[in-house]
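Q: Sharing a model prediction with you, sequence too.
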Amino acid sequence: MSYSIGVDLPLVHFNLGGFRSNDDNRNNLTWSVAVEAPLHPRLALNVEAYGDHRSAPSYQLGAAISIVPNRVQLSLLTGGRRHNRGDNGRWATLGSASAPNERRLYSHLARFNRL
């Protein structure tokens, strides 16, 4: 679910989901909270926290730029995981989103671990 506070104000996203792991035959609850705050008509600040009920949350911070408004967007984010032992738990994500029309947005992500 996404909620806009108002025109040119932050957009807040809430997600709740789940999946069944075939490895250990367990159900898992997933969640995320994200905020998109416009900095300029074509530039937005993105902040996100997400995770599941079995592990420490992860976070991401970055920016998205509209190459073609309401049609093509590129984003670059960096993130990490709190209390991740034995691993620095940091990464960068390069993403793109495209929309054939203003109602449907397709996302494409590439994640680079160990920054």
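A: Cool, the structure landed.

Q: what about the nearest residue to S55 once chain neighbours are set aside, neighbour count?
A: Using C-beta to C-beta, 6 or more residues apart in numbering and skipping residues adjacent in sequence, the residue nearest S55 is R81, 8.0 Å away. Just so you know, the C-beta spots here come from the backbone N, C-alpha and C atoms, and that holds for glycine as well. When counting by other C-beta atoms under 10 Å, one arrives at 17 neighbours for R81.

Q: Which element, helix or strand, includes the nearest residue to H13 once chain neighbours are set aside?
A: Distances taken as C-beta to C-beta, 6+ apart put A34 closest to H13, at 4.3 Å, once the chain neighbours are dropped. Per DSSP states H and E: A34 is located in strand 26-40.

Q: what comes up buried for that strand?
A: 32, 34, 36-37 (16 or more other C-beta atoms under 10 Å).

Q: and for that strand, what are the contacting residues?
A: 8-21, 44-54, 63-64 (C-beta atoms under 8 Å, 6 or more residues apart in numbering).

Q: hmm, 7 Å instead?
A: Outside strand 26-40, the residues that touch it by C-beta atoms under 7 Å, 6 or more residues apart in numbering are 8, 10-21, 44-54.
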